[in-house]
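Quick one: sequence and predicted model below, then my questions.
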Amino acid sequence: MADKIKRFSKILITALLIICLSCASNYLIVPISYAHWAKHDVRELTGKIDTLIIGDSLPLYSIQPSILDKRKGCCSFNTSSPSQFMDETYYLLLDFIKEENIKTVYLGLDYYNFLQEAEEGNRISAQIVYKRLRNPSVKIDYLKKFFNFDEAWEWIFQERNNVNGIAHISNTVKAKLSDEYRNYLPLSNEEFLLEGGTYYYDKGYVRTDSCDAEYVEGVHDMKDLSCESIEWYKKIIELCKSNGIELYIFHTPLKKNLFNATANYDTFYKTVQEIAESYGCPYYDFNYHPDRNTISDDTDFVNDSHLNYQGSLKLMDWLCKEF
């Protein structure tokens, strides 16, 4: 009996040490991100959110909940995240459905995520989404699908490879000790701006005023649509339908040079549109909007596919009118 207690004590102490080491390393190593402010806003709005914007970085940079609230009389939240695949979107949506009284969903698609199969194992995007989950049963199901014991270290010590010496740790700690970070205030200090000059705005929306990123050619040449993404796309629609949720599906505009260089875009457009129509859901691709030329490639984009704040304002006007 005494031996069992000793073994159990060793296991418990080891687990506690790992947890403490993980927390300490993440505090020292992991840079600040908009997720810190977004999680706080979700907590503050618990029980009030009835409209959800969800998808990857395209809607993250483009859809402003504050404007949607004023125009539609709702309480919306943008829970999009970088490189979010359709299977991750499904579980995040399911989590919000279980935790909030969701009545309307704006699903932002990214054609690029339909042109590649999601990586197996521990994706960084999957870890980002997991941190946002609140419902215990959804968390368990999510871990069953995404967690890989062979790469558990990556889940425990995230971004450990991003350490660039003492300066990195010093800057990270300095940012986390700032009033903005500790008190969830707007990021007014340029020193603490996130990558690419972006900063957290409100209710999940991430803003950038930059418009100087260059287009990188030759990275969007894949031809075949991902069968896995299509199947999860259908599951998301069915999840909304089964819960009586009104679903609006859209794609944000791309820079013309990228849009014109993507020979397979028409295949993507027809496929997702036909699926949406088969379920009776509206789909709008803003690359084909009659006023598309009013969005300037020179001033309204931060890079080849993401809108900046000025471009987002124009898109929000279109979205509120079309839906």
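Noted; the coordinates are in hand.

ok, and the helix or strand in this structure with the lowest average confidence?
Across the helices and strands of the chain, mean confidence by mean pLDDT, DSSP states H and E is lowest for helix 152-156: a mean of 60.

Now do the helices in the stretch 1-150 of the chain.
2-29, 35-45, 57-62, 65-72, 86-99, 124-132, 136-146 (DSSP state H, counting those that start in this stretch).

With distance to residue 237 and mean pLDDT added, can I get those helices in JSON lines?
For the C-beta atoms, the positions are set from N, CA and C on the backbone; glycine is no exception. Shown next, in JSON lines, are the helices of the stretch 1-150 of the chain (distance: least, CB to CB, whole Å; pLDDT from 0 to 100):
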{"stretch": "helix 2-29", "distance to residue 237": "36", "mean pLDDT": "76"}
{"stretch": "helix 35-45", "distance to residue 237": "24", "mean pLDDT": "91"}
{"stretch": "helix 57-62", "distance to residue 237": "17", "mean pLDDT": "95"}
{"stretch": "helix 65-72", "distance to residue 237": "21", "mean pLDDT": "96"}
{"stretch": "helix 86-99", "distance to residue 237": "10", "mean pLDDT": "97"}
{"stretch": "helix 124-132", "distance to residue 237": "19", "mean pLDDT": "85"}
{"stretch": "helix 136-146", "distance to residue 237": "19", "mean pLDDT": "92"}
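
Out of these, the one nearest residue 276 is which?
Residue 276 lies closest to helix 86-99 among these, at 13.6 Å (CB to CB).

got the contact list for the closest residue to residue 109 other than its chain neighbours?
Nearest residue to residue 109, sequence neighbours excluded (CB to CB, 6 or more residues apart in numbering): residue 251, at 4.9 Å. By CB atoms under 8 Å, 6 or more residues apart in numbering, residue 251 lies in contact with 58, 108-111, 269, 272, 284-287.

Return the item of those having minimum pLDDT.
Across the set of the contacts of residue 251, residue 111 stands lowest in pLDDT, at 90.

Quick one: residues contacting it.
Here residue 111 is in contact with 251, 262, 265, 268-269 (CB under 8 Å, 6+ apart).

what's the answer for residue 234, then?
275, 279.

Backbone dihedrals for residue 246, please?
Main-chain dihedrals, residue 246, degrees, to the nearest 10: phi -80, psi 120.

I'd like to know how many residues surround it.
Other residues near residue 246 number 15, with proximity taken as other CB atoms under 10 Å.

Residue numbering should commence at 12 henceforth.
Let's use 12 as the start, then, which means that last one is residue 257.

now that we're looking at it, how far away is residue 119 from it?
15 Å (CB to CB, to the nearest Å).

One more: residue 265?
13 Å.

circling back: ranking the contacts of residue 122 by neighbours, who comes first?
residue 262 (24 neighbours).

of all the helices of the stretch 12-161 of the chain, which lies closest to residue 187?
Closest among the helices of the stretch 12-161 of the chain, once you apply CB to CB, is helix 13-40, at 6.7 Å.

Show me which residues of the closest one are buried.
Buried residues in helix 13-40, counted by 16 or more other CB atoms under 10 Å: 36, 40.

helices or strands up against it?
Where contact means 3 or more CB pairs under 8 Å, 6 or more residues apart in numbering; DSSP states H and E, helix 13-40 is packed against helix 177-187.

tell me the angle of the helix it packs on relative to helix 13-40?
Helix 177-187 runs at 90 degrees relative to helix 13-40, counting by axes from the mean of the first three to the mean of the last three CA atoms, to 10 degrees.

Dump the contacts of residue 262 to CSV, plus distance to residue 196.
Output for those, formatted as CSV (distance: CB to CB, whole Å):
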residue, distance to residue 196
69, 27
119, 28
120, 33
121, 31
122, 36
280, 41
283, 39
295, 36
296, 37
297, 33
298, 37
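
I'd like to know which of these are buried.
By 16+ other CB under 10 Å, the contacts of residue 262 give 69, 119-122, 280, 283, 295-298 as buried.

which intervals of the stretch 112-261 of the chain have sub-threshold pLDDT?
Within the stretch 112-261 of the chain, the segments meeting pLDDT under 70 span 127-133, 160-176, 198-208, 223-234.
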